[in-house]
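> structure of the sequence below:
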Amino acid sequence: MNPHGPHIPELMPLIIPLAYLLGSIPFGLLIVKMARGTDVRKSGSGNIGAANVARTAGYLSGILTLILDAAKGFGAVWIAMHLSHGNMRWMIAAAVAAVVGHVFPFGLGFRGGKGVATGLGVFILICWQAVVAAAVLWILIVAFWRYSSLGSVVATAALPVFVYLLYAPGHAPPDFVTFPTVCISVLVLLKHRANIHRLIAGEENRIGKSK
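Reported below is the predicted structural model:
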């Protein structure tokens, strides 16, 4: 028995599918089902993310969804970190798989959430400083303009920049960190296309006001 943990070669192939499965858990859908007995996909924007859950089942349900969506991303990378003994390549691979699982969950016909909370969660163990910077940026934008989607879009677009600057101050992060980070950011932004169009048209919902 290996006293330092699992035998790496035997468990490495499990990291990516396990991260995807964790990411695909639809916490928003489950929480609204338990709280209201309804399908959140049939309410509001139809999204299973925290913002639509909050509109459908209240702010507490939305906050719980936000925490759990971030936690599953964190958990996927944490498992990869321990199975690989801190190998950043496997950790970033698990990060991508978890976000893909949230956005394209097989159990919901590959139609999931937008990946903001899960995307932030996966980077806590990779570059927590970038997560803090992105979260602060989101808070400032939402506090000033009261558009949750605008905060998400700007914070998502800025995350690769924050990772680049803060991953290893004074040194550019390796390509296997930079490229997947950009890919995650682009995927999340693509899922916000409808929000971006509504923002441009002035039709997006503000926090605290109906459309």
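
> residue 176 in helix, strand or coil?
helix (DSSP: H, G, I helix; E, B strand; the rest coil).

> do you know how far the residue nearest to it when sequence neighbours are not counted is from residue 174?
Leaving aside its chain neighbours, residue 176 sits nearest to residue 89 (5.4 Å; criterion: C-beta to C-beta, 6 or more residues apart in numbering). No exception for glycine: its C-beta is placed from N, CA and C like everyone else's. In this structure, residue 89 and residue 174 are 9 Å apart, going by C-beta to C-beta, to the nearest Å.

> and for residue 64?
Applying C-beta to C-beta, the value for residue 64 to residue 174 is 35 Å.

> neighbour count: these two, which is higher?
Per other C-beta atoms under 10 Å, whichever of residue 64 and residue 174 has more neighbours is residue 64, with 19 against 13.

> just checking, the more buried one touches residue 31?
Yes: if you go by C-beta atoms under 8 Å, residue 64 and residue 31 touch, sitting 5.9 Å apart.

> if we can go back for a sec, element containing the residue nearest to residue 176, please.
Assigned by DSSP states H and E, residue 89 belongs to helix 88-103.

> and that helix, what does it pack against?
helix 15-23, helix 59-83, helix 116-122, helix 124-145, helix 175-191 (3 or more C-beta pairs under 8 Å, 6 or more residues apart in numbering; DSSP states H and E).

> mind listing what's buried in it?
Neighbour counts over helix 88-103 (16 or more other C-beta atoms under 10 Å) mark 88, 90-103 as buried.

> residue 19: neighbouring residues, count only.
Around residue 19 sit 29 other residues, with neighbours defined as other C-beta under 10 Å.
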